[in-house]
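J.: Fold the stuff below for me.
(one chain, ligands or ions: 1)
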Amino acid sequence: MRPDFTVRDCSRLYFGASEELVRALLADQRVILVTDQQVDRLYADHLPELPRIVIAGGESHKTLQTVEMIHRQLIALGADRQTFLLAMGGGIVTDVAGFAASTFMRGIRFGFISTTLLGQVDASVGGKNGVNVDGYKNMCGTFTQPEFVIFDVTLLQTLPDREFRAGLAEVVKAAVIDDPYLFRLLEEHSFEQLRCDSLLLQEVVRRAVGVKVRIVERDEREAGDRRLLNLGHTPAHAIEKCSSVMNHGEAVAVGLALMAQVAYEMGLLTESDRNRIKQLLQQLGFVLEPPVSREELAQAASRDKKSAGEQIYLVLPCSIGACRVERWPKAQLAELLMP
Ligand SMILES: NC(=O)c1ccc[n+]([C@@H]2O[C@H](COP(=O)([O-])OP(=O)(O)OC[C@H]3O[C@@H](n4cnc5c(N)ncnc54)[C@H](O)[C@@H]3O)[C@@H](O)[C@H]2O)c1
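T.: Model prediction:
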């Protein structure tokens, strides 16, 4: 079976019906499924009868305790080095299960069925996995590519609107980084059309995944180009640190608008491209005003773990489809983020 994309020669990405793909990819293998309570409730009958480990959902359960629980259950289920761990869920399930598989018996084979839009266009691709430690995001983890990822956009129909929209922020991010065609496609369709038209959605997801794959091919471990994927994320993480009213995607949308404004003020981005970025985000239903003051935002952003000593990496859009990474003194961040 030909994959739609291959990442670093070892991870194969397939678009299509998940039941058929799982059957074809895992025939005659000993498989254990890891999922979360919500996905289990919705899709328990969707897959062949498999031994399963169900974790609690939510960022507060993305912890080493959950990984230990998975390891204990793998032992109880008689897992060995030949066992294949199939994770079905959003970014939390795939991050946790990918880490659990990478460390169980020093690493067993694993693959994903990604069930959220954010998971499909971002979390499931690229080989980063991990958990939070004492509330610090993704402090413990590995770079290990999943053997395969399945992208079945029909699974996204059951997502609440808010989760779906959160994923769209990462799609806009991908378009601004490296795909002007994807950006136009989004401009030409409403939120409702993207929600309801599976063929359109598949094209959108495929193009966003393509952006991530191209970047990870060049730089798996975030020593260079992979930093581009953090476009909008410095202000977004700061927003998430200071306030809980926005989810990650909503905060990324604010971050994208903010970085477009900063790039415009620096003379890197035209007024027209800045306006297109803001208009598209508004058309998709995002609020672009940060929920906290710019002072708080700048302070929290200067504590971002993506920083390098006294400097911080900032991703700045230069046009729709091209961005650049700059090191910026933390001390000047406040100035930059103030209107
Ligand atoms: N590894 C990476 O490169 C990477 C990249 C981006 C984000 N992430 C991580 O991804 C996580 C966020 O992922 P997420 O937004 O998918 O969150 P999530 O996994 O918590 O899923 C969101 C909610 O949707 C539910 N859900 C999942 N699939 C569903 C479906 N098909 N229908 C209905 N409900 C469904 C889940 O149970 C959950 O309640 C964060 O922890 C973030 O750090 C990782």
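
J.: Let me see the ranges of the strands in the stretch 101-250 of the chain.
T.: Taking DSSP state E, counting those that start in this stretch as the test, the strands found in the stretch 101-250 of the chain are 109-114, 131-133, 136-140, 148-151.

J.: hmm, who's touching the last one?
T.: Under the contact criterion CB atoms under 8 Å, 6 or more residues apart in numbering, strand 148-151 has outside partners 3-4, 11-16, 18, 21-22, 25, 111-114, 120, 124-125, 202, 205-206, 209. For glycine as for every other residue, the C-beta is placed from the backbone atoms N, C-alpha and C.

J.: Quick check on those: which are buried?
T.: Among the contacts of strand 148-151, the ones that count as buried by 16 or more other CB atoms under 10 Å are 11-16, 18, 21-22, 25, 111-114, 120, 124-125, 202, 205-206, 209.

J.: tell me the contacts of the closest residue to residue 70 other than its chain neighbours?
T.: Distances taken as CB to CB, 6 or more residues apart in numbering put residue 100 closest to residue 70, at 4.1 Å, once the chain neighbours are dropped. Taking CB under 8 Å, 6+ apart, we find residue 100 in contact with 34, 67, 70-71, 74, 85.

J.: Restricted to strands, list those residues.
T.: Counting by DSSP state E, the part of the contacts of residue 100 found in strands is 34, 85.

J.: Most neighbours among the contacts of residue 100, which one?
T.: residue 34 (28 neighbours; other CB atoms under 10 Å).

J.: isn't that one right up against residue 92?
T.: No: using CB atoms under 8 Å, residue 34 is not in contact with residue 92, being 10.9 Å away.

J.: got any ranges where the chain has weak pLDDT?
T.: Counting by pLDDT under 70, the chain has low-confidence residues at 304-308, 339.

J.: Which residues of it lie near the ligand?
T.: Contact residues (CB under 6 Å from any ligand atom) of the chain with the ligand: 36, 38-39, 42, 57, 59, 62, 89-93, 95, 115-116, 118-119, 122-123, 126, 128-129, 137-138, 155-156, 158-159, 163, 166.

J.: Any of these buried? List them.
T.: 36, 38-39, 57, 62, 89-93, 95, 115-116, 118-119, 122-123, 126, 128-129, 155-156, 159, 163, 166.

J.: Might one say that residue 109 is in contact with residue 80?
T.: No: using CB under 8 Å, residue 109 makes no contact with residue 80, being 11.5 Å away.

J.: neighbour-wise, which of the two wins?
T.: Neighbour comparison, residue 109 and residue 80: the larger count goes to residue 109, with 17 against 11 (by other CB under 10 Å).

J.: nearest spatial neighbour of the more buried one, skipping sequence neighbours?
T.: The nearest residue in space to residue 109 (CB to CB, 6+ apart) is residue 84, at 4.9 Å.

J.: residue in the stretch 201-339 of the chain nearest to the ligand?
T.: Here the residue of the stretch 201-339 of the chain nearest the ligand is residue 248; by CB to the nearest ligand atom that distance is 6.2 Å.

J.: okay, now that residue: neighbour count?
T.: Around residue 248 there are 21 other residues, counting by other CB under 10 Å.

J.: what's near enough to touch it?
T.: For residue 248, counting by CB under 8 Å, 6+ apart, the contacting residues are 118, 166, 236, 240.

J.: so what's the first one up against?
T.: For residue 118, the contacting residues are 90-91, 163, 166-167, 170, 248-249, taking CB under 8 Å, 6+ apart as the criterion.
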